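K.L.:
no sequence on this one, just coordinates:
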């Protein structure tokens, strides 16, 4: 039996091998990812968009995140499960952050939490870590700050903005984060950050030089067609496959081609005769 991945082992991979990370929001998906030995499974607040149909990530609640984290955790034996702290679940105070982070572990079965932001959330990060809860940071395009950022835009494109990202990464490292997600930032900037901190960086639209890569599962398999970010590689167009299957089912039902004999249950002829005669 394969030994489960742990937080210390994730840190120790830096400079040795690349890390894999994908999102999952339900039991069957998590079961598949765990079987493939994906290092980290993120129950992302992207749940709001790709599963619940919201226009951004802001609407998803703690209760919804916990509901889906529980389902994912039930499936996993190898991967590290990370609960994504939703908007306004940690911003108010360190005390609020610790309480909600603790729920991801105690109720959700996760091994760690992720939260967005740099220097401004250091008090929350320190408080969560002091409570014994591992934290993954998130810099660059932080979807919970979408109103402030003015949309889904690449971050760190000026020297000043890139310097701030590097300072924030250093602050997250110093605070005790075990890894940092770098989203939608220029590759050379992600490379500089990766080379100048001792913890792994996980890129999403941040080039090939990060210590690992993450994608939203629904983007990877082509199940979210509202928009496809530039940094996404679709390995499969599952939307089209499912649509074809559903259309075929409808057609066969209408033409009385489904179900066939092999899909049906039988009854002893004697019993059937007795029933009819009664």
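P.N.:
Everything's here; your move. If you're wondering where the values come from, they're calculated on a predicted model, not measured in any experiment. Numbers count the residues shown, from 1 in each chain.

K.L.:
okay, residue 154: pLDDT?
P.N.:
Looking at residue 154, its pLDDT reads 88.

K.L.:
going forward, begin numbering at 10 instead of 1
P.N.:
Yep, numbering from 10; the last one is residue 163 now.

K.L.:
quick one: secondary structure of it?
P.N.:
coil (DSSP: H, G, I helix; E, B strand; the rest coil).

K.L.:
now it: closest residue in space that isn't a chain neighbour?
P.N.:
Excluding the flanking residues, the one nearest residue 163 by CB to CB, 6 or more residues apart in numbering is residue 193, at 5.0 Å. Just so you know, the C-beta spots here come from the backbone N, C-alpha and C atoms, and that holds for glycine as well.

K.L.:
residue 115: how many residues sit nearby?
P.N.:
11 (other CB atoms under 10 Å).

K.L.:
I meant residue 273, not that one.
P.N.:
Residue 273 has 7 nearby residues by other CB under 10 Å.

K.L.:
what sits against it?
P.N.:
Listed by CB atoms under 8 Å, 6 or more residues apart in numbering, the contact set of residue 273 is empty.

K.L.:
over to it: give its phi and psi.
P.N.:
phi -110, psi 160 (degrees, to the nearest 10).

K.L.:
before we move on, what about residue 184?
P.N.:
According to degrees, to the nearest 10, the main-chain angles of residue 184 amount to phi -70, psi -20.

K.L.:
I'd guessed it sits against residue 131; true?
P.N.:
Yes: the pair residue 184 and residue 131 passes the contact test of CB atoms under 8 Å, sitting 5.1 Å apart.

K.L.:
low-confidence ranges, the chain, go.
P.N.:
10, 158-161 (pLDDT under 70).

K.L.:
in it, which spans are helices?
P.N.:
Here the chain has its helices, by DSSP state H, at 16-21, 36-44, 56-59, 71-84, 103-115, 131-139, 155-158, 168-184, 196-205, 226-229, 247-263, 278-286.

K.L.:
specify the stretch among those helices that is closest to residue 65.
P.N.:
With CB to CB, the closest approach to residue 65 among the helices of the chain belongs to helix 155-158: 5.6 Å.

K.L.:
what does the closest one rub up against?
P.N.:
By CB under 8 Å, 6+ apart, the surrounding residues in contact with helix 155-158 are 65-67, 150-151, 161, 164.

K.L.:
cutoff 10 Å now
P.N.:
Outside of helix 155-158, the residues within contact range by CB atoms under 10 Å, 6 or more residues apart in numbering are 64-67, 96, 149-152, 161-162, 164, 193.

K.L.:
for it, buried residues please.
P.N.:
Buried residues in helix 155-158, counting neighbours by 16 or more other CB atoms under 10 Å, are found at residue 155.

K.L.:
gap between it and the chain center?
P.N.:
Chain-centre distance of helix 155-158: 21 Å, with CA atoms, centre = their mean, to the nearest Å.

K.L.:
for residue 217, which non-adjacent residue is closest in space?
P.N.:
Closest residue to residue 217 apart from its sequence neighbours, by CB to CB, 6+ apart: residue 196 at 6.9 Å.
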